[in-house]
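Peer 1: Based on what follows, work out the 3D shape:
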Amino acid sequence: MLCIIWGSTWIASKAGIEAVPPLLFAATRFIAAGLLLLVYGWMRGEATSVNIEDGMRFIAASILMITLCYGPLFWGMQYIDTGTAAVLEMSLTPIALLCFALLLREERIDIRRILAILLGVCGLVVLFWPSLPDGNGSKPDAFPGASLWGGLAVASAAFTYGYGSVLARPLLRSYPAVFVAGITTLVGGIALMIAALIVEPGAVAAASGNWGISAWTAWFFLVIFGSLVGYTTYMRLLRDIGASRAGSYAFVSPVIAVVLGALFFSEQVTVSDVIGIIVMLTGAYLAMAKAPTVKGALVDT
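Peer 2: From the prediction side, this is the model:
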């Protein structure tokens, strides 16, 4: 379910940011989703207060998983194809989760994991080689190096999301998943809204809500399915099976996004794209498959 939903959200995101400044579009989505999740949790009797010692972790997880993930992600999607953005961010997500697991000594490093990271980097180079200064991009850049900078912004989202996921997991042991999802989306969305209104061109004017039917339809889809259903599902997976295994959705969602991007936006899939996709997904698979845990590491019950 998570693979299908998050594979489809790339199309909705693309439709939305074609009519609305991307940071504002993302911010309003997460603020609305956060409020709805908190109300839903309150109706179910899952509302609770946040301990002072957990406050900074909540804020850090919110900024990393929402503000610093979806801000660069939506901005970068303006300058690269939907399928490329999906494959790039989702293929790097398991590798990012692996890196943070290694840094936190939850898993041991071995040759397979080193190979996984190298394959991910190689796939990134192959996928974006046409966007380099001397290459031939699939579409003209909005400004010099736009597609390259857009790709880097999308790639950064995987690492901020991965780090935020690692920080959020201990919270899920103490608080209901719906509550954690509501707080992180609301706090992260508010921070993203502030950034949009300060630095994003056209954000103040677009705050009036005159977006058009297509953008509003995409917005409602993202709020209901992308956040209320998808994000809370990911939180439960994060709590129950851990960050690395929860990130396995990244193996299937890019394929769905590439197909939908070709069908709805007539986006071309070149031979180099296919090669890059295969290499990156191979690296992601090696990063995820049967990851050993460090002896004596914490095990959930």
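Peer 1: so for the longest helix seen in the chain, what's the average pLDDT?
Peer 2: Ranked by number of residues, the top helix in the chain under DSSP state H is helix 146-172. Across helix 146-172, pLDDT averages out at 87.
Peer 1: Kindly report the same for stretch 278-288.
Peer 2: Averaged across stretch 278-288, the pLDDT comes to 73.
Peer 1: go on, stretch 260-275?
Peer 2: 74.
Peer 1: got a list of what residue 238 touches?
Peer 2: Counting by CB atoms under 8 Å, 6 or more residues apart in numbering, residue 238 touches 165, 168, 169, 172, 246. In this view, the C-beta of every residue, glycine as well, is placed from N, C-alpha and C.
Peer 1: Quick check: it vs residue 166, distance?
Peer 2: From residue 238 across to residue 166, the span is 9 Å (CB to CB, to the nearest Å).
Peer 1: One more: residue 198?
Peer 2: From residue 198 across to residue 166, the span is 29 Å (CB to CB).
Peer 1: And those two? Which one has more around it.
Peer 2: residue 166 (22 against 10; other CB atoms under 10 Å).
Peer 1: quick one, what contacts the more buried one?
Peer 2: Residues near residue 166 by CB under 8 Å, 6+ apart: 97, 100, 101, 104, 243.
Peer 1: Buried ones among those residues?
Peer 2: Burial by neighbour count, 16 or more other CB atoms under 10 Å: within the contacts of residue 166 this picks out 97, 100, 101, 243.
Peer 1: Export these to TSV and append columns for secondary structure.
Peer 2: TSV is the format used below for these (DSSP: H, G, I helix; E, B strand; the rest coil):
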residue	secondary structure
97	helix
100	helix
101	helix
243	helix
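Peer 1: what is the mean pLDDT for stretch 222-229?
Peer 2: Across stretch 222-229, the average pLDDT comes to 91.
Peer 1: same question, stretch 102-112
Peer 2: pLDDT averaged over stretch 102-112 gives 70.
Peer 1: Now do the end-to-end distance for it.
Peer 2: End-to-end distance of stretch 102-112 (CA to CA, to the nearest Å): 13 Å.
Peer 1: quick one on the thing from earlier: among the contacts of residue 166, which two are most distant?
Peer 2: Pairwise distances across these peak at 10.7 Å for 97 and 104 (criterion: CB to CB).
Peer 1: hang on, the earlier thing: could I get the contacts of residue 166 as a markdown table with distance to residue 70?
Peer 2: Listed next are those as a markdown table, based on distance: CB to CB, whole Å:
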| residue | distance to residue 70 |
| --- | --- |
| 97 | 17 |
| 100 | 19 |
| 101 | 23 |
| 104 | 24 |
| 243 | 18 |
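Peer 1: For stretch 91-106, what is the distance to the chain centroid?
Peer 2: Distance of stretch 91-106 from the chain centroid (CA atoms, centre = their mean, to the nearest Å) equals 15 Å.
Peer 1: Likewise for stretch 168-179?
Peer 2: A distance of 19 Å separates the C-alpha centroid of stretch 168-179 from that of its chain, computed with CA atoms, centre = their mean.
Peer 1: how about it: buried residues?
Peer 2: Neighbour count says stretch 168-179 has 168, 169, 171, 172, 175, 176, 177, 178, 179 buried, by 16+ other CB under 10 Å.
Peer 1: still on that earlier bit, turn the buried ones among the contacts of residue 166 into JSON lines, columns for distance to residue 64.
Peer 2: As requested, those are exported to JSON lines (distance: CB to CB, whole Å):
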{"residue": "97", "distance to residue 64": "13"}
{"residue": "100", "distance to residue 64": "11"}
{"residue": "101", "distance to residue 64": "16"}
{"residue": "243", "distance to residue 64": "12"}
